[in-house]
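S.K.: pasting a predicted model and its sequence here:
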Number of protein chains: 2
Amino acid sequence: MNLLLLFPEDFENDVRAVVDGRRAHHVKRILRAARGDELCVGVVDGRIGTGTIAEDPGRELVLDVRLEHDPPPALPVVLVLALPRPPVLGRVLAAATSFGVKQIVLLHTRRVEKTYWQASALEPEALREKLVLGLEQGRDTVLPTVALQRRFRPFVENELPSLLSGAHGVFAHPLDAAEAARPDRTGTSGTSVGAGHGIELQTPAVVAIGPEGGFLDHEVEHLQAAGMQAVSLGPRALRVETAAAALLGRFRQAALR
Amino acid sequence: MNLLLLFPEDFENDVRAVVDGRRAHHVKRILRAARGDELCVGVVDGRIGTGTIAEDPGRELVLDVRLEHDPPPALPVVLVLALPRPPVLGRVLAAATSFGVKQIVLLHTRRVEKTYWQASALEPEALREKLVLGLEQGRDTVLPTVALQRRFRPFVENELPSLLSGAHGVFAHPLDAAEAARPDRTGTSGTSVGAGHGIELQTPAVVAIGPEGGFLDHEVEHLQAAGMQAVSLGPRALRVETAAAALLGRFRQAALR
């Protein structure tokens, strides 16, 4: 936790906030902070500043809050993620949030297990918990939105084109050995597929990451028809959370104000 | 598991291998493969090919193995990692291995908790288990080496320079708000620190990733004195495994042969 995220209901008045539960426990037991110590705090969807611990009675933590600056600029990337199994989902949501992604779409594809759509990890409170972890990690306050898209083609045909308006679109696509060995797919430059992408990706962008095992051929065709280009992450298959971090790390981030 | 990794002791003769335990369980229960099915297999530190399930009696799996091609080329990057807590260590080792890293150094820094050096996760068998998971994920066979460096300065002064001979050296360094706001640190190009790094990194390279909270100032000076340059991953603090994937994703990978 690099920032303690506060919510409007935590405030007793303009400058005093009281937190309990996981947050208070973390501050006391993990950060080992006590009365008089200063913490980096932020208000959800608002500003960032300093919270001075005024009291720490029992399970609560009373903070005097001074808000000083805006949160870091958003990373203008929409992450479209084939719904992974719940523990992976949690890690990817937190990691994407820590990169500054503000718009996440969870998508059904052929290789997504249908039972994943019934997981309690998709309930609003469960999603929000993972996003908050990402904000606390990345010292940010602005919660991403998460949209659930249970049908691949309607999303790709009807909604993706407007997301792509004015934006670059890329999707991670593993190269299998045969494909990578085809001379038209591999130049001296390495393993990029498609229109000669370098490592650096341009914002604003839509980034799609398939399920373990990748998108099916006809899904790739639909993505390409909508204007998305394949990018390779090298000759090896990466886990979903690894691929997400590797792709999100390829965007140049705006500096802090 | 995208590749079933076989060891010399699994082979009954040149072409027949018998596996049990985790690997057999995974093939039967997760991949739901049975007699006659073909699996991608590889021999540790050797070639890759196809294993046809000849028999699946009880807990064992009998495979007829045909080796057909070499493993993917290594990523010529030495990963120097401030020792993280054990669960994070396991994830980073597996992820780095799935990228093709073959040389990993676990390093003590001031912010590494000393108790981490007593963790059972550092025993050779425990390390190897995580590396094998990374090979299975990345369809590779060549086990990385893992060196333990319990003293920061002797490593940086005596060993790092030879690792850097002929190689680029970079370390991930979070920018705090004050630092990022300094005009000499932020150009129009974003948040890179140091000698104007772009997003793309060049191999061969040594990549160092600090502990949660980053390297201390004097550690940064020692790294720089040894020839390492700071690179930023943006204005936000990332978790160690996220930062590792983001940096390793910035190297252009050689294509498969």
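M.R.: Great, that's in hand. Numbers count the residues shown, from 1 in each chain, chains lettered A, B, ... in the order given.

S.K.: so where do the strands sit in chain A?
M.R.: With DSSP state E, the ranges of strands along chain A come out as A:4-6, A:16-19, A:38-43, A:48-55, A:61-69, A:75-82, A:101-107, A:145-149, A:168-172, A:205-209, A:229-231.

S.K.: now those as CSV including mean neighbour count and distance to B:Leu233?
M.R.: C-beta here means a position set from N, CA and C on the backbone, and glycine is covered the same way. Formatted as CSV, the strands of chain A follow (neighbours: other C-beta atoms under 10 Å in any protein chain shown; distance: least, C-beta to C-beta, whole Å):
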stretch, mean neighbour count, distance to B:Leu233
strand A:4-6, 23, 21
strand A:16-19, 19, 29
strand A:38-43, 19, 18
strand A:48-55, 18, 19
strand A:61-69, 18, 20
strand A:75-82, 24, 11
strand A:101-107, 21, 14
strand A:145-149, 15, 23
strand A:168-172, 21, 19
strand A:205-209, 25, 16
strand A:229-231, 20, 19
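
S.K.: which of those strands sits closest to B:Gln229?
M.R.: Across those, B:Gln229 has its closest neighbour in strand A:75-82 (23.4 Å, C-beta to C-beta).

S.K.: hmm, who's touching that closest one?
M.R.: The set of residues external to strand A:75-82 that reach it, using C-beta atoms under 8 Å, 6 or more residues apart in numbering or on different chains, is A:89, A:92, A:96, A:99-109, A:111-112, A:160, A:163, A:167, A:171, A:203-211, A:215, A:240, A:244, A:248, A:251, A:253, B:234.

S.K.: partners of it in the sheet?
M.R.: According to DSSP bridges, strand A:75-82 forms sheet pairs with strand A:101-107 (parallel), strand A:205-209 (parallel).

S.K.: that one to strand A:168-172, inter-axis angle?
M.R.: Here strand A:75-82 points in a direction 40 degrees away from that of strand A:168-172 (axes from the mean of the first three to the mean of the last three C-alpha atoms, to 10 degrees).

S.K.: CA-only coordinates of strand A:75-82 in PDB, if you can.
M.R.: Extracted in PDB, the C-alpha atoms of strand A:75-82 (Å, rounded to 0.1, in the frame of the first residue of the first chain):
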ATOM      1  CA  LEU A  75      -2.900   6.000 -19.200                       C
ATOM      2  CA  PRO A  76      -5.200   6.500 -22.100                       C
ATOM      3  CA  VAL A  77      -5.500   2.800 -22.800                       C
ATOM      4  CA  VAL A  78      -8.700   0.600 -22.900                       C
ATOM      5  CA  LEU A  79      -7.800  -2.900 -21.800                       C
ATOM      6  CA  VAL A  80      -9.900  -5.600 -23.300                       C
ATOM      7  CA  LEU A  81      -9.300  -8.800 -21.500                       C
ATOM      8  CA  ALA A  82     -10.600 -12.300 -22.300                       C
END
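
S.K.: got the angle for it vs strand A:145-149?
M.R.: Interaxial angle of strand A:75-82 relative to strand A:145-149 (the same axes, to 10 degrees): 30 degrees.

S.K.: please list all residues in contact with the residue most central in space within chain A.
M.R.: Central residue of chain A (C-alpha atoms, centre = their mean): A:Ala96, 1.9 Å from the mean position. For A:Ala96, the contact set (C-beta under 8 Å, 6+ apart) comprises A:Leu79, A:Leu81, A:Ile104, A:Gly134, A:Pro144, A:Ala244, A:Leu248.

S.K.: redo the residues you listed as a markdown table? Include pLDDT and distance to A:Asp56.
M.R.: As requested, these are arranged in a markdown table below (pLDDT from 0 to 100; distance: C-beta to C-beta, whole Å):
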| residue | pLDDT | distance to A:Asp56 |
| --- | --- | --- |
| A:Leu79 | 98 | 38 |
| A:Leu81 | 98 | 39 |
| A:Ile104 | 98 | 35 |
| A:Gly134 | 97 | 26 |
| A:Pro144 | 98 | 31 |
| A:Ala244 | 97 | 37 |
| A:Leu248 | 96 | 37 |
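
S.K.: now, among those, which is nearest to A:Ile53?
M.R.: Nearest to A:Ile53 among the contacts of A:Ala96, counting by C-beta to C-beta, is A:Gly134 at 24.2 Å.

S.K.: my guess is that closest one meets A:Gly90, correct?
M.R.: No: with contacts defined as C-beta atoms under 8 Å, A:Gly134 does not count as touching A:Gly90, sitting 9.9 Å away.

S.K.: and those two? Which one has more around it.
M.R.: For A:Gly134 against A:Gly90, the residue with the higher neighbour count under other C-beta atoms under 10 Å in any protein chain shown is A:Gly134, and the figures read 27 against 20.

S.K.: spatially nearest residue to that one (excluding sequence neighbours)?
M.R.: Closest residue to A:Gly134 apart from its sequence neighbours, by C-beta to C-beta, 6 or more residues apart in numbering or on different chains: A:Thr97 at 2.5 Å.

S.K.: list the buried residues of stretch A:241-257.
M.R.: By neighbour count, and taking 16 or more other C-beta atoms under 10 Å in any protein chain shown as the criterion, the buried residues in stretch A:241-257 are A:241-256.

S.K.: should've said stretch A:147-157
M.R.: For stretch A:147-157, the buried set under the neighbour-count rule, 16+ other C-beta under 10 Å, comprises A:Gln149, A:Phe152, A:Phe155, A:Val156.
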